[in-house]
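*Asks:* Model the structure of this input:
(chains A and B)
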Protein chains: 2
Amino acid sequence: MLEFDLIDQVRARIHPRPDVILGIGDDAAILQVPPDRQLVVATDTLNAGVHFPVDTAPADIGWKALAVNLSDLAAMAAEPAWCTLSLSLPDSDADWLDRFLDGFLDLAARHRIALVGGDTTRGPLSIGVTVHGLVEPGRALRRDGARVGDDIWVTGSLGDAASALVLLQQASEPMLASACEAGPILPADDAVDLRIAEALAGLRSRLDRPTPRVEIGRGLAGVAHSGIDISDGLLADLGHICRGSRLAAEVEVDRLPYSPALAESFGDARRYELQATGGDDYELCFTAESAMRERIGLIAVANATPITRIGRMIEGEGVRAIGRDGAPWHPQRGGYVHFSD
Amino acid sequence: MLEFDLIDQVRARIHPRPDVILGIGDDAAILQVPPDRQLVVATDTLNAGVHFPVDTAPADIGWKALAVNLSDLAAMAAEPAWCTLSLSLPDSDADWLDRFLDGFLDLAARHRIALVGGDTTRGPLSIGVTVHGLVEPGRALRRDGARVGDDIWVTGSLGDAASALVLLQQASEPMLASACEAGPILPADDAVDLRIAEALAGLRSRLDRPTPRVEIGRGLAGVAHSGIDISDGLLADLGHICRGSRLAAEVEVDRLPYSPALAESFGDARRYELQATGGDDYELCFTAESAMRERIGLIAVANATPITRIGRMIEGEGVRAIGRDGAPWHPQRGGYVHFSD
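*Replies:* Numbers count the residues shown, from 1 in each chain, chains lettered A, B, ... in the order given. Okay, the predicted model is just below:
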């Protein structure tokens, strides 16, 4: 039987938590929620070829499947506690599962989240994860809490994951890429070639192994008014905060944070697009009143992660992007930079 | 965008609970667990062609996807509270989704379980559900609680779902079926023909719309020593109680409960097989000391559902089935009667 062997294989590798009364191996898990906490639940499924390139390493798939879910807990300011895993596999491959678990359980251990249940079924490769977190009553970050005058902030840097996809797509269509004026800067000599290869590897790791901003999210409980994680692109996700809070957002594209690798691989115009509309970054976007600027600076330092002020919440509706020249800025292309579109 | 339209469509149809602080539409749901309850979590995924025939009606798929998960809560004696839904759909089909929700939300309303989150992705049809229930500390039914001398009980009747699959398979291979001596009793005239068709429809509804034994499960908290739901077949699932409790089980096959439709469609030998090894029934199997017989009878009456004593727990290991002649009984065929094998 596929199912029981895989369950034993998973069970042998997990670390328990004292609040797991009963873990993997019964009809359900039994968990103890502290009386002074609310339960936070998110679920996200990754399908091969839709949410990750089919050539992605099994350990990276395991990492990413948990990371995108932890990112949802981070966006709520919740502390990770427990997760379940539903695996659909084309066939029973113990070696593939072990490597998948390498990535999944590595990230789980870093955030002390316990795998407490799940199921395995035969089918096209698909990974469904449900995460459970804990938060103090009333302190979760929601999309509907932004206020007029709030600063808008983002963690880390934007556009790396989408740029990796663009470069991967262009690598598989070299003729098309060289004909594209907005494509990556082409290497002029071997030294540049090597630098580009390094940049590519760095960008690809942002796509394959996103860093869920769990500790920053926890730090924002009681500090930020609203928050969301950036999975569909900054403008799209900030739009959810606007709709939830019945406000508008004004964002300066030139303030959007970027990595050196991104700047090295794309000109400004293309870079703005990737930062503003590229998905899969799993950074946090949040709003907070200006009195919190110093406190947010301390959270950035404590987590060794840049947190950048990119705009502010205003009356109205929708997200208004402003270019370097002070004029309204609009993305030239549609949602193709998001892999799951 | 596929995702946001579908989310709105789902959100418009759900009923809230007061303990849902924040439901569908943010990065995660926020839920209030009562301080005197433990959280019970189970997850099960259904894939088209693996867990249900591809011709299954969308409303039946919706019902079954939730039913198999509620059955896990029932097997833990937990009260259903909240669920999440991960839908992979080949394309965005609002009509299909509405009919799917007809079945899913009908069953959800019957058990007052609130849909609080989920995601929709493009991919081969697959439905992942995670259910959350609540149970009094220490009163959940586990697989490791059976004691020597316990009676073994099953709810409802066994073998109907598997028999529907056998009949469906034979209907698509009529030559093979008529050549099979253990096949269904063939109709001799029109009257019998009609009776068989009715029996078939009844059996098929057991396969498509299993009844999770939630209220019976709740009634067994503090009454039964151990419990499991029958998804892989009685002998296989009772085997889990034996392993968990480090005991053996002795079961009399002639005591296994069956529906009139099953007896009408199969001879005794074939019927025993279907009852003992057929999956997908989602009845409960549980063990309780003999002093509880009267109380269990009252639970059966209160729920208008037969609960049948089929054997007892003894020292040793494994499940021993005893035939009508008192000799050991063994299934003739393997696990083919379970659709997901």
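
*Asks:* Just give me the neighbour total for residue A:149.
*Replies:* Residues lying near residue A:149 (other Cβ atoms under 10 Å in any protein chain shown) number 13. All C-beta spots, glycine's among them, are computed from the backbone N, C-alpha and C.

*Asks:* residue contacts, it?
*Replies:* By Cβ atoms under 8 Å, 6 or more residues apart in numbering or on different chains, residue A:149 lies in contact with A:289-290, A:312-314.

*Asks:* can you pull out the strands in the stretch 1-150 of chain A?
*Replies:* A:20-22, A:29-31, A:38-47, A:79-89, A:114-122, A:126-135 (DSSP state E, counting those that start in this stretch).

*Asks:* returning to that earlier point: buried among the contacts of residue A:149? Need that as a selection in PyMOL.
*Replies:* To isolate the buried ones among the contacts of residue A:149 in PyMOL, judged by 16 or more other Cβ atoms under 10 Å in any protein chain shown, type:
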select buried, chain A and resi 312+313
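
*Asks:* ok, the contacts of residue A:149 vs chain B, which is closest?
*Replies:* Taking Cβ to the nearest Cβ as the measure, chain B lies nearest residue A:313 of the contacts of residue A:149, at 17.3 Å.

*Asks:* okay, the closest one: pLDDT?
*Replies:* Model confidence at residue A:313, given as pLDDT, is 98.

*Asks:* Secondary structure element for it, which one?
*Replies:* Residue A:313 belongs to strand A:307-314 when assigned by DSSP states H and E.

*Asks:* Show me what that strand is packed against.
*Replies:* If contacts are counted by 3 or more Cβ pairs under 8 Å, 6 or more residues apart in numbering or on different chains; DSSP states H and E, strand A:307-314 sits against strand A:151-155, strand A:248-252, helix A:293-302.

*Asks:* how many neighbours does residue A:243 have?
*Replies:* Residues lying near residue A:243 (other Cβ under 10 Å) number 15.

*Asks:* my read is residue A:169 is in a helix, agree?
*Replies:* Yes - the assignment for residue A:169, made by DSSP: H, G, I helix; E, B strand; the rest coil, places it in a helix.

*Asks:* What distance do you get for the residue most central in space within chain A to residue A:22?
*Replies:* Per Cα atoms, centre = their mean, the C-alpha nearest to the average position across chain A is that of residue A:282, at 1.9 Å. Relative to residue A:22, residue A:282 is positioned 31 Å away (Cβ to Cβ, to the nearest Å).

*Asks:* Not counting its own residues, what contacts the strand holding residue A:313?
*Replies:* Under Cβ under 8 Å, 6+ apart, the answer for strand A:307-314 is A:146-155, A:216, A:242, A:245, A:247-252, A:255-257, A:287, A:293, A:296-297, A:299-300, A:322.

*Asks:* just the buried members of these?
*Replies:* The buried subset of those (16+ other Cβ under 10 Å) comprises A:146, A:150-155, A:216, A:242, A:245, A:247-249, A:251-252, A:256-257, A:287, A:296, A:299-300, A:322.

*Asks:* residues contacting residue A:241?
*Replies:* Taking Cβ under 8 Å, 6+ apart as the test, what residue A:241 contacts is A:143, A:146, A:226-228, A:247, A:249, A:285, A:287.

*Asks:* in which helix or strand would I find it?
*Replies:* Using DSSP H and E, residue A:241 maps to helix A:234-245.

*Asks:* Figure out the helix or strand that residue A:276 lives in.
*Replies:* helix A:268-277.

*Asks:* Output that helix as PDB, restricted to C-alpha atoms.
*Replies:* Output of helix A:268-277 as PDB, limited to C-alpha atoms (Å, rounded to 0.1, in the frame of the first residue of the first chain):
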ATOM      1  CA  ASP A 268      15.000  50.400 -14.900                       C
ATOM      2  CA  ALA A 269      11.800  50.300 -16.900                       C
ATOM      3  CA  ARG A 270      11.700  46.500 -16.900                       C
ATOM      4  CA  ARG A 271      12.800  46.300 -13.300                       C
ATOM      5  CA  TYR A 272       9.900  48.600 -12.200                       C
ATOM      6  CA  GLU A 273       7.500  46.200 -13.900                       C
ATOM      7  CA  LEU A 274       8.900  43.200 -12.200                       C
ATOM      8  CA  GLN A 275       8.900  44.900  -8.800                       C
ATOM      9  CA  ALA A 276       5.400  46.200  -9.100                       C
ATOM     10  CA  THR A 277       3.600  43.300 -10.700                       C
END
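
*Asks:* what mean pLDDT does stretch A:103-110 have?
*Replies:* 95.

*Asks:* touching chain B at all, it?
*Replies:* No - contact between stretch A:103-110 and chain B is absent, the nearest approach being 15.1 Å (criterion: Cβ under 8 Å from any Cβ of the partner chain).

*Asks:* Compute the distance from the centre of that stretch to the centre of its chain.
*Replies:* Computed by Cα atoms, centre = their mean, to the nearest Å, the chain-centroid distance of stretch A:103-110 equals 15 Å.

*Asks:* go on, stretch A:266-280?
*Replies:* Stretch A:266-280 sits 16 Å away from the centroid of its parent chain (Cα atoms, centre = their mean).

*Asks:* Over to stretch A:262-271?
*Replies:* So, by Cα atoms, centre = their mean, the centroid of stretch A:262-271 is 21 Å from its chain's centroid.

*Asks:* distance of residue A:217 from chain B?
*Replies:* Distance, residue A:217 to chain B, by Cβ to the nearest Cβ, to the nearest Å: 10 Å.

*Asks:* by contact count, what packs against the strand or helix carrying that residue?
*Replies:* Per DSSP H and E, residue A:217 falls inside helix A:214-219. Contact here means 3+ Cβ pairs under 8 Å, 6+ apart; on that basis helix A:214-219 packs against helix A:58-75, strand A:79-89, helix A:293-302.

*Asks:* Buried residues in it, which are they?
*Replies:* A:214, A:216-219.

*Asks:* how about JSON lines for these, with pLDDT added?
*Replies:* Formatted as JSON lines, those follow (pLDDT from 0 to 100):
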{"residue": "A:214", "pLDDT": "98"}
{"residue": "A:216", "pLDDT": "98"}
{"residue": "A:217", "pLDDT": "98"}
{"residue": "A:218", "pLDDT": "97"}
{"residue": "A:219", "pLDDT": "97"}
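
*Asks:* Of these, which pair is most distant in space?
*Replies:* For those, the farthest-apart pair by Cβ to Cβ is A:214 and A:219; their separation is 9.8 Å.
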